[in-house]
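# Sharing a model prediction with you, sequence too.
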Amino acid sequence: MRVVLVGPPGAGKGTQAQFIASHLSIPKISTGDIFRANVSGGTELGKLAKEYMDRGDLVPDEVTVAMVRDRLSEDDAQEGFLLDGFPRNVPQAEVLKKMLAEFGTGLDVVLNLVVEDDEVVRRLAGRRTCRSCGKVWHVVFDPPTVEGVCDACGGELFQRDDDREETIRRRLEVYQEQTAPLISFYADEGILQGVDATGPVEEITQRAMSALRRFAD
Ligand SMILES: [Zn+2]
């Protein structure tokens, strides 16, 4: 099966990507992994991407697309894959469609993890990080014995800027703006499937798997 997974920050996308890919026995292909593999492997594309990253610039679409093409051409991706982090926008989605058509295939389904903004804020804004050992706690879901103190090392807990409500809401706005057109693109293609991404991790995986079964031949 050829699957794309999309979802806002805080939806547990990375975890679900891993579980779903392993249930389906297909490789999980994330742009982060592809970038790291190319950079550490010293490929031409990796060197190019690194130049942009070292300057603090975004890696241009054509470099990302070339890396994705290389990765999708590998043996383990011939029977299916789960893409995480690509495509990010409609132009990339169109390129992917063309690329897969050249390979004589196409996407089967796009899974959209659906979580309310308030729930994302509840999940992320409750995170507290230890200044000494870096362990992450959660004021509701994984609280330390003594408020503000790390159980592991006794260090002081603090809230990272990334975990502040204003920052999270801004990231969510940016995500919705960029992703809404992508969602409608795949809705028009008739392969979009929403998955309620609230509740226990295993339940979300089960929901995703039954959604996928509806698209399996
Ligand atoms: Zn600690």
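In hand now; what should we look at? Numbers count the residues shown, from 1 in each chain.
# tally of neighbours for Ala101?
10 (other CB atoms under 10 Å). Every C-beta, even on glycine, is put in place using the N, C-alpha and C of the backbone.
# any idea how far His23 is from Asp54?
Per CB to CB, to the nearest Å, Asp54 is found 38 Å from His23.
# Between the two, which is the more surrounded one?
Legend: neighbour count by other CB under 10 Å for Asp54 and His23, higher for His23 (14 against 8).
# Dump the C-alpha coordinates for the helix or strand containing Val195 into CSV.
Using DSSP states H and E, Val195 sits in strand 192-196. Taking C-alpha atoms only, strand 192-196 is exported to CSV below (Å, rounded to 0.1, in the frame of the first residue of the first chain):
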residue,chain,number,x,y,z
LEU,A,192,-8.5,11.4,1.6
GLN,A,193,-9.4,9.6,4.9
GLY,A,194,-9.7,11.5,8.2
VAL,A,195,-8.7,9.6,11.4
ASP,A,196,-9.7,10.8,14.8
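# what is the rounded mean pLDDT of it?
For strand 192-196, mean pLDDT rounds to 96.
# Give me the distance between that strand and the centre of its chain.
Centroid separation for strand 192-196 versus its chain: 15 Å, with CA atoms, centre = their mean, to the nearest Å.
# which helices and strands does that strand pack with?
Strand 192-196 sits against strand 109-114, helix 201-213, with contacts defined as 3 or more CB pairs under 8 Å, 6 or more residues apart in numbering; DSSP states H and E.
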